[in-house]
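Enquirer: this one's sequence-less:
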């Protein structure tokens, strides 16, 4: 396999201007592969061929020029590095020449050259006229000043000059970014006997190796790579920028459609609502308006959808740009920075294109359009750390998972990690586990928790505090448990809160009692201490303490203080024992077991006699001792541990 760099070159131009003949003359490969294409003499679907220029390997994508097959042209145009704008010298610039050129500009193709074909059919004067018209067409664009090469595919004249220009331009094209995860938009699928399903496409980012586990999106079909070919040669690994054929295991041809995307398992996700910057062509027949139905071409996919212009005017005029939300009728796979084309629903005509900013947008309210547009403008020009911050900010209380950031951007793990760490160091995001939150949200939630706990203490001074579940339900219904735990932990570290099992209270909160409250608490304590292992019921305890019916709620709060401090123990329901009595009982059991030496068991009858209690108290006490691991039940007896 030639190790030279790979460049994808797309042909663009009007029908019958000699694109396929040019590719065949350069490469020796007839890119018209369909019988109907052979019969009719026009390119219907995209074709492929390659040319080795020594230190550059060129993969050609030959696209159809007929207006009815522009959608096929778009399926192949998404991955090109440079364009050959083909203009027949005997016809000059035609409608599809303009539309194909507009599409290349909208897809942000940044390099190319102009090829005047059929040189042998015209004289030099005509060639100059056509060259001048071509220069007028590309004036002010990425092709302004590009080489104009006249060729004849029939005689071969000009082909070597064209190859030389191709090589020079190809070597100047920057290498594809290596900071994105693998994506291969499928523009063709077929079956090979003995091998199964094969998909082809331009590997727009990342790399694919034999035996890789991947998935076909948006249908989430998990597959394995059985084999790879680049430029018709079997390889172990394919890299970004290469035309790649992938033999897949785990799927049949019938399940594969053009427009699907091959990607690592679980990294990218389908979407149907996209925020984007849209540029309308100056010759678009009318403005793009909200609720207008359009055809969106993204990658190799074509999807119907409706536009929502994110501007108070509700429209983007011809020649103007603006922000819009595209609500698609079927899912696609897209990430930040992807280019797309918009064509009118009927009649089908290219009217504009744009760049995806937020691939997982939510529907926007009219009153938020100004803020939304400002955020999208910031995202377009921001560095990675700022983008991580802006995506996090939009997620609100729900937070943004690291995996969701990657799905939006297509970044490698290392790129996402660096962006997050930088934003965190700058104080722009708060990281909780694998989730990202806006710092102001984090501080706001801390303040809300503190305010709620303080209000509870003011209303219920005898309460220990608020339960975690109540706090979580009130303030974190949309957030994850990790965020709640992080907020509480932060406040605890700051000395603002204290956490006691499932209760949260202010650090300074105490339940110091005075006067009648202190007297009633002490009386309840005395009643249970004197009762030892035969405690009264709750009502009996309140009667003994002289608690009136109107004061019972207060008495329960005071009893709860005794329970919280461990002085009184709930053994079963409202059966309460004094801790001192329970300690004495445990000591008796241990002494009994020590006397028995080898036989440390006790039955219920012996336990009742030892404790001096009835069965009413014996069974609940034994079960309590089992829970405390003082005893262990074995049949009808207990082993004293």
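Expert: It's in. Just so it is clear, the structure is predicted and the values come from calculations on it, not from any experiment. Residues are numbered from 1 along each chain as shown.

Enquirer: List the buried residues in stretch 588-602.
Expert: Residues 589, 593, 600, 601, 602 are the ones in stretch 588-602 that count as buried (16 or more other CB atoms under 10 Å). To be clear about C-beta, it is placed using only N, CA and C from the backbone, and glycine gets the same treatment.

Enquirer: How far off centre is it?
Expert: 63 Å (CA atoms, centre = their mean, to the nearest Å).

Enquirer: I'd like the buried residues of stretch 588-602 as JSON lines, with secondary structure appended.
Expert: JSON lines is the format used below for these (DSSP: H, G, I helix; E, B strand; the rest coil):
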{"residue": "589", "secondary structure": "helix"}
{"residue": "593", "secondary structure": "helix"}
{"residue": "600", "secondary structure": "coil"}
{"residue": "601", "secondary structure": "strand"}
{"residue": "602", "secondary structure": "strand"}
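
Enquirer: Columns distance to residue 55 and pLDDT on top of these, output as JSON lines?
Expert: Output for the buried residues of stretch 588-602, formatted as JSON lines (distance: CB to CB, whole Å; pLDDT from 0 to 100):
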{"residue": "589", "distance to residue 55": "90", "pLDDT": "89"}
{"residue": "593", "distance to residue 55": "89", "pLDDT": "86"}
{"residue": "600", "distance to residue 55": "88", "pLDDT": "85"}
{"residue": "601", "distance to residue 55": "89", "pLDDT": "87"}
{"residue": "602", "distance to residue 55": "92", "pLDDT": "88"}
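
Enquirer: Can you show me the helices along the stretch 251-400 of the chain?
Expert: 369-381, 384-395 (DSSP state H, counting those that start in this stretch).

Enquirer: What lies in contact with the longest one?
Expert: Residues lying outside helix 369-381 but in contact with it, judged by CB atoms under 8 Å, 6 or more residues apart in numbering, are 275, 277, 310-312, 323, 336, 355, 357-358, 364, 386-387, 390-391, 393-394.

Enquirer: Could I get the phi/psi values of the nearest residue in space to residue 207 that is not next to it in sequence?
Expert: Spatial nearest neighbour of residue 207, excluding adjacent residues (CB to CB, 6 or more residues apart in numbering): residue 239 at 5.0 Å. Phi and psi for residue 239, reported as degrees, to the nearest 10, are phi -120, psi 160.

Enquirer: before we move on, back to that, compare the helices of the stretch 251-400 of the chain and report which one is nearest to residue 267.
Expert: helix 384-395 (16.1 Å; CB to CB).

Enquirer: Report the distance from that closest one to the chain centre.
Expert: For helix 384-395, the distance to the chain centre is 12 Å (CA atoms, centre = their mean).

Enquirer: got the angle between that helix and helix 369-381?
Expert: 150 degrees (axes from the mean of the first three to the mean of the last three CA atoms, to 10 degrees).

Enquirer: ok, the helix or strand following helix 384-395: who's next to it in the sheet?
Expert: As assigned by DSSP states H and E, the chain's next helix or strand after helix 384-395 is strand 400-401. Strand 400-401 sits in its sheet next to strand 435-437 (antiparallel), going by DSSP bridges.

Enquirer: Could you point out the helix or strand that follows the strand it pairs with?
Expert: Strand 435-437 is succeeded, C-terminally, by helix 439-459 (DSSP H and E).

Enquirer: Please spell out which residues along that following helix are buried.
Expert: Per 16+ other CB under 10 Å, helix 439-459 contains these buried residues: 439, 441, 442, 445, 446, 449, 450, 452, 453, 456, 457.

Enquirer: Now the helix or strand containing residue 499: buried residues?
Expert: Per DSSP H and E, residue 499 falls inside strand 497-500. Neighbour-count burial for strand 497-500 flags 497, 498, 499 (criterion: 16+ other CB under 10 Å).

Enquirer: Could you dump those into a markdown table with pLDDT and distance to residue 185 added?
Expert: Listed next are those as a markdown table, based on pLDDT from 0 to 100; distance: CB to CB, whole Å:
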| residue | pLDDT | distance to residue 185 |
| --- | --- | --- |
| 497 | 88 | 52 |
| 498 | 85 | 56 |
| 499 | 84 | 51 |
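
Enquirer: and residue 558, how far is that from residue 501?
Expert: Distance, residue 558 to residue 501, by CB to CB, to the nearest Å: 21 Å.

Enquirer: Please apply the same query to residue 59.
Expert: 65 Å.

Enquirer: Just want the angle from the longest strand anywhere in the chain to helix 369-381.
Expert: The strand that spans the most residues within the chain, counting by DSSP state E, is strand 321-332. Taking the same axes, to 10 degrees, strand 321-332 and helix 369-381 form an angle of 80 degrees between their directions.

Enquirer: now strand 321-332: mean pLDDT?
Expert: Average pLDDT, strand 321-332: 96.
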